[in-house]
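Structure for the following, please:
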Amino acid sequence: MNRRQLFYAGLIASFALSALAHYLHWNQMFLFAVSAISVVFVAGFLGQATESVAHYAGQRLGGFLNATFGNAAELIIAIFLVKAGSFETVKASLTGSIIGNLLLVLGLSIFLGGLKFKEQRYNVQLANHNSTLMILAIVALFIPATFVSAEHFTFRKDQILSITVAIILIVSYLLWLVFSMITHKDMLSDMEDKAEAQAGEHHEEPLWTLKRSVLYLVLATVMVAFVSEWLVGTLHSVSARFGLSELFIGAFVVAIVGNAAEHSAAIMLAMKNKIGAAVEIAVGSSLQIALFVAPVLVLISGFFGPTMDIVFTPIELAAIAVSVFIAKAVASDGRTNWYEGFLLIMVYIILGFAFFLV
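Numbers count the residues shown, from 1 in each chain. You can find the predicted model right below:
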């Protein structure tokens with residue numbers, strides 16, 4: 001068996017074993033272990049499908065699809081948590097997703113890509129727009145927390161403000177997609193895509209046809225959703241056994257699991273010198289969480305009972321603000337190297353220790 005056949009054998013075996021452990025109610029620690037292994041394989045499968053789609057659609061659209069499909073799995077998990085009324089866990093996991101993508105995913109991608117290539121470049125105009133949108137996300141999350149706390153808003157005013165901000169953020173994100181994917185697509189397209197278009201060729205052949213690539217992308221997303229749900233179901237047992245706080249579990253463990261697809265895909269693309277797609281996955285996924293997923297969860301929660309507010313704790317806001325600040329400083333010039341990736345990872349470790357001690 002060659003390496004690819006071994007990979008697919010591991011993918012099928014780990015997924016099947018995770019399903020058996022979940023539905024037959026085997027030991028929770030065993031389920032956690034096999035589900036974690038399965039997530040790695042499924043994330044790799046999703047990364048391959050994304051790369052194949054990116055060959056046909058371009059790095060930016062390919063990265064956007066990866067971020068969207070990866071966040072779809074996380075959105076499904078969050079909806080179940082919202083339905084159960086676990087609002088604080090949901091917000092902690094959203095915080096973890098934002099900082100995880102901006103620091104861990106982007107950091108590892110830049111670091112490992114930088115070890116192979118001395119300097120990697122991508123569209124500087126896209127970098128500036130991403131930086132502006134990240135600041136918008138901070139403003140949108142900071143204002144409700146400040147006003148609700150300082151003015152002692154009633155529950156009704158809190159809900160009105162949260163719903164209003166949620167709608168504004170969703171509209172802003174949808175218009176950003178129109179701006180970046182339609183009206184100003186050429187201005188924001190990746191440099192490698194432009195070079196390949198001018199040359200009329202691609203450096204590598206895709207793994208599959210376009211139809212099969214899209215099919216596998218959907219299939220991999222469904223598999224990620226199932227495995228992530230099984231793994232999240234074991235977290236209470238794991239946290240009780242190892243004495244981990246719910247905040248740490250939500251912000252780091254759940255977030256890392258939920259973002260496994262983005263982790264592998266972004267790193268794999270960066271190591272192939274496709275840093276534009278890697279940045280689109282990492283930064284684009286964080287923006288999608290802050291500007292779309294979180295607001296959508298606020299609106300969806302109203303169908304299950306009390307509306308979840310968009311008020312994050314000072315700790316969560318501080319973590320997001322720090323992540324945005326360092327990510328903006330690193331990514332805004334459109335050029336990256338391994339040391340900048342190292343700095344992002346160090347900030348993530350600092351926040352991880354701080355959350356662990358809460």
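
Next, count neighbours for residue 219.
Residue 219 has 14 neighbours, counted by other CB atoms under 10 Å. In this view, the C-beta of every residue, glycine as well, is placed from N, C-alpha and C.

That one looks like it's in a strand, true?
No - applying DSSP: H, G, I helix; E, B strand; the rest coil, one finds residue 219 to be helix, outside a strand.

so who does it touch?
residue 49 (CB atoms under 8 Å, 6 or more residues apart in numbering).

Just to check, residue 143 is in contact with residue 168?
No - using CB atoms under 8 Å, residue 143 is not in contact with residue 168; the gap is 10.7 Å.

List the buried residues of the helix or strand where residue 5 lies.
For residue 5, the host element (DSSP states H and E) is helix 3-23. Residues 11, 14, 15, 17, 18, 19, 21, 22 are the ones in helix 3-23 that count as buried (16 or more other CB atoms under 10 Å).

Can you name the element that comes right after the longest helix seen in the chain?
For the chain, the helix with the greatest residue count under DSSP state H is helix 28-57. Where DSSP H and E defines the elements, the next helix or strand beyond helix 28-57 is helix 59-83.

Report the angle between that following helix and helix 28-57.
On the basis of axes from the mean of the first three to the mean of the last three CA atoms, to 10 degrees, helix 59-83 is oriented at 150 degrees to helix 28-57.

re earlier: output the buried residues of helix 3-23 as JSON lines; include the columns distance to residue 180 and pLDDT.
Formatted as JSON lines, the buried residues of helix 3-23 follow (distance: CB to CB, whole Å; pLDDT from 0 to 100):
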{"residue": "11", "distance to residue 180": "33", "pLDDT": "91"}
{"residue": "14", "distance to residue 180": "36", "pLDDT": "91"}
{"residue": "15", "distance to residue 180": "34", "pLDDT": "93"}
{"residue": "17", "distance to residue 180": "41", "pLDDT": "94"}
{"residue": "18", "distance to residue 180": "37", "pLDDT": "92"}
{"residue": "19", "distance to residue 180": "38", "pLDDT": "93"}
{"residue": "21", "distance to residue 180": "42", "pLDDT": "93"}
{"residue": "22", "distance to residue 180": "39", "pLDDT": "93"}
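
okay if I get those residues as CSV plus distance to residue 65?
Shown next, in CSV, are these (distance: CB to CB, whole Å):
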residue, distance to residue 65
11, 20
14, 24
15, 22
17, 29
18, 25
19, 26
21, 31
22, 28
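
of those, closest to residue 222?
Set against residue 222, the nearest of the buried residues of helix 3-23 by CB to CB is residue 15 (10.8 Å).

Please look at the closest one and residue 40 and confirm they touch.
No - the pair formed by residue 15 and residue 40 falls short of the contact definition of CB under 8 Å, at 11.1 Å.

Rounded mean pLDDT for the longest helix of the chain, please.
For helix 28-57, mean pLDDT is 81.

Now do it: which elements does it pack against?
helix 3-23, helix 59-83, helix 210-232, helix 235-242, helix 260-270 (3 or more CB pairs under 8 Å, 6 or more residues apart in numbering; DSSP states H and E).

any idea how far it is from the chain center?
In terms of CA atoms, centre = their mean, to the nearest Å, the gap separating the centre of helix 28-57 from the centre of its chain is 14 Å.

Of all the residues in it, which ones are buried?
Neighbour counts over helix 28-57 (16+ other CB under 10 Å) mark 28, 31-55, 57 as buried.

for stretch 263-282, same thing?
Neighbour counts over stretch 263-282 (16+ other CB under 10 Å) mark 263-272, 274-282 as buried.

Let me know the average pLDDT across that stretch.
Per-residue pLDDT over stretch 263-282 has a mean of 81.

So for it, first residue to last residue, what's the gap.
Counting by CA to CA, to the nearest Å, you get 8 Å between the two ends of stretch 263-282.

swap in stretch 310-318?
This stretch, stretch 310-318, spans 15 Å end to end (CA to CA).

Could you list the low-pLDDT ranges of the stretch 1-150 of the chain?
Scanning the stretch 1-150 of the chain with the threshold set as pLDDT under 70 gives 1, 58-60, 63, 66, 70, 73.

And for the stretch 251-358 of the chain?
Short version for the stretch 251-358 of the chain, where the test is pLDDT under 70: 254-255, 257-262.

And the helices in it, which stretches?
Taking DSSP state H, counting those that start in this stretch, the helices of the stretch 251-358 of the chain run over residues 255-258, 260-270, 275-288, 294-301, 314-331, 338-357.

Of those, which is nearest residue 138?
Smallest distance to residue 138 across the helices of the stretch 251-358 of the chain (CB to CB): 5.4 Å, for helix 314-331.

Compute the inter-axis angle for the closest one and helix 338-357.
Using the same axes, to 10 degrees: helix 314-331 against helix 338-357 is 180 degrees.
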